[in-house]
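K.L.:
here is a sequence with its predicted model. Questions after.
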Amino acid sequence: MASSRARPLFRRSEGSRAGRLGGTRKIPRPGESAGLRDDATPEHGIEAELPTKRCAWASGEAAIRYHDEEWGVPVHDDRTLFEFLILEGAQAGLSWNTILNKRENYRKAFDGFDPERVARYDRRKISQLLRDPGIVRNRLKINAAVENAKAFLRLQKEFGSFDRYIWQFVGGQPRVNRRKLLRQVPARTAESDAMSKDLKRRGFRFVGSTICYAFMQAVGMVDDHVVDCFRYRLV
Ligand SMILES: [Zn+2]
């Protein structure tokens, strides 16, 4: 299903410009909205001249903000982990920017990604979601989100938290890679294969190895920022 994706997250043609990072932006500080192009405001005048290098897949305001603030930052909160599991599954076959642009709609439609509530969705709720233009209206993906919520709750029960379960696939610690170029970033790894296999065995859907690897990158189980990205080893 996901094997056609060249690599998770940046997928598509940006790959040919691997390593060409660029743009002139101020370095974001914690709490600032890093994706906004507010370089020109007087109080940031000096910083505005500093060039900021970032992974080339991050193009467009939403993707830049996501790259600068979230991508690769270790997540240990179960609700957020569930959100990324659902969003990465919804992304299959589409661009990540499409999903980012629908993210707020997803949060509203899926009760803030509360797995307890999603697990209880009935046919009526699913039909309502299928009519919601703010999300990806794909019956298989929506049904998968509900089934995944149920499987997620079972894992929480068994392991105490989904966090404890999922991080075991990287031994509990983020794997910091040293990628010089985006094309060196793989679409899947032995770890994502193992994660995919185990999730499938436990009843999850839309959890192919490529989706799992994109998930691992998103929640910081692996750090795949290229080495000259300003976020490398900062996350
Ligand atoms: Zn980066």
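P.N.:
Nice, I can see it.

K.L.:
the helix or strand of the chain with the lowest mean pLDDT near the ion at all?
P.N.:
For the chain, using mean pLDDT, DSSP states H and E, the weakest element among its helices and strands is strand 175-176, scoring a mean of 94. No: on the criterion Cβ under 5 Å from the ion, strand 175-176 is out of touch with the ion, staying 12.5 Å away. C-betas here are computed from N, CA, C, even on glycine.

K.L.:
which residues sit against the very next helix or strand once past that strand?
P.N.:
Read in the C-terminal direction, the helix or strand following strand 175-176 is helix 190-201, with elements assigned using DSSP states H and E. Helix 190-201 is contacted by residues 151, 166, 169-170, 175, 207-213, 216, 221-222 when judged by Cβ atoms under 8 Å, 6 or more residues apart in numbering.

K.L.:
what about Glu147, which SS state?
P.N.:
Classification of Glu147 into helix, strand or coil gives helix, according to DSSP: H, G, I helix; E, B strand; the rest coil.

K.L.:
pLDDT score assigned to it?
P.N.:
If you check Glu147, the pLDDT there is 98.

K.L.:
that one and Phe206 touch, don't they?
P.N.:
No: under the criterion of Cβ atoms under 8 Å, Glu147 lies out of contact with Phe206, with a separation of 9.5 Å.

K.L.:
of the two, who's got more company?
P.N.:
Neighbours were tallied for Glu147 and for Phe206 using other Cβ atoms under 10 Å; the higher tally belongs to Phe206 (24 against 16).

K.L.:
with adjacent residues omitted, what lies nearest to that one?
P.N.:
Excluding its sequence neighbours, the residue lying closest to Phe206 (Cβ to Cβ, 6 or more residues apart in numbering) is Gly89, at 3.3 Å.
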